[in-house]
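Student: Structure, please.
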Amino acid sequence: MRIHAIRARRIALRLHVHNEFEVNQMWIIGIVLAAGAIIIALLIRYSSIAGKAIDTIAALAFFTFAVIAADVVRGTLAHDTVFMTEVHRVLLNRWFLASASYVGTYTLARLVLLIWQKPDKLT
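Tutor: Numbering: from 1, shown residues only. So this is what the prediction gives:
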């Protein structure tokens, strides 16, 4: 247990985080992201119906992500404000966070599928 705490403290110092709890959170987020991407990749690979549903959800999530981002940029330009002061409005939007999370996981799953392909199918 002591060795784990020392490693976490060293990682925290390298990553400029405040404590070991944040390092543990980053590990958990990374593991959940990898697991989600592998599950999505397996569903796409072995079920055509699930694959089409996952692709459709990804398209809708990307559309939602793009519309919210465009709205924030439009609002920033229309109100003549600085984007750095408006960025919190978009980062607190649940739909933006959910769609961005799904698009990120979906993209990672597609990369996993590319890795799993046989070399003759890559060209």
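
Student: After the worst-scoring helix or strand of the chain on mean pLDDT, which helix or strand is next?
Tutor: Least confident helix or strand of the chain, by mean pLDDT, DSSP states H and E, is helix 2-15 with a mean of 61. Per DSSP states H and E, the first helix or strand lying C-terminal to helix 2-15 is helix 20-46.

Student: Now find how far off-centre that following helix is within its chain.
Tutor: A distance of 10 Å separates the centroid of the chain from that of helix 20-46, by Cα atoms, centre = their mean, to the nearest Å.

Student: Which residue is the nearest non-sequential neighbour of residue 72?
Tutor: Spatially, and ignoring its direct neighbours in sequence, residue 72 is nearest to residue 90 (4.4 Å; Cβ to Cβ, 6 or more residues apart in numbering). Glycine gets a C-beta too; all of them are placed from N, C-alpha and C.

Student: And residue 32, how close does it get to residue 115?
Tutor: Distance, residue 32 to residue 115, using Cβ to Cβ, to the nearest Å: 20 Å.

Student: ok, these two, which is more surrounded?
Tutor: residue 32 (11 against 8; other Cβ atoms under 10 Å).

Student: Look up the pLDDT of that one for me, please.
Tutor: pLDDT for residue 32: 93.

Student: same question, residue 77
Tutor: 86.

Student: What is the host helix or strand of it packed up against?
Tutor: Residue 77 is located in helix 48-78, with elements delineated by DSSP H and E. When contacts are defined as 3 or more Cβ pairs under 8 Å, 6 or more residues apart in numbering; DSSP states H and E, helix 48-78 packs onto helix 20-46, helix 83-91, helix 94-116.

Student: what about stretch 81-97, how long is it end to end?
Tutor: End-to-end distance for stretch 81-97, by Cα to Cα, to the nearest Å: 22 Å.

Student: Burial check on the residue nearest to residue 72, number of neighbours?
Tutor: For residue 90, the neighbour count with other Cβ under 10 Å is 18.

Student: Please look at it and residue 96 and confirm they touch.
Tutor: Yes. Counting by Cβ atoms under 8 Å, residue 96 is a contact partner of residue 90 at 5.5 Å.
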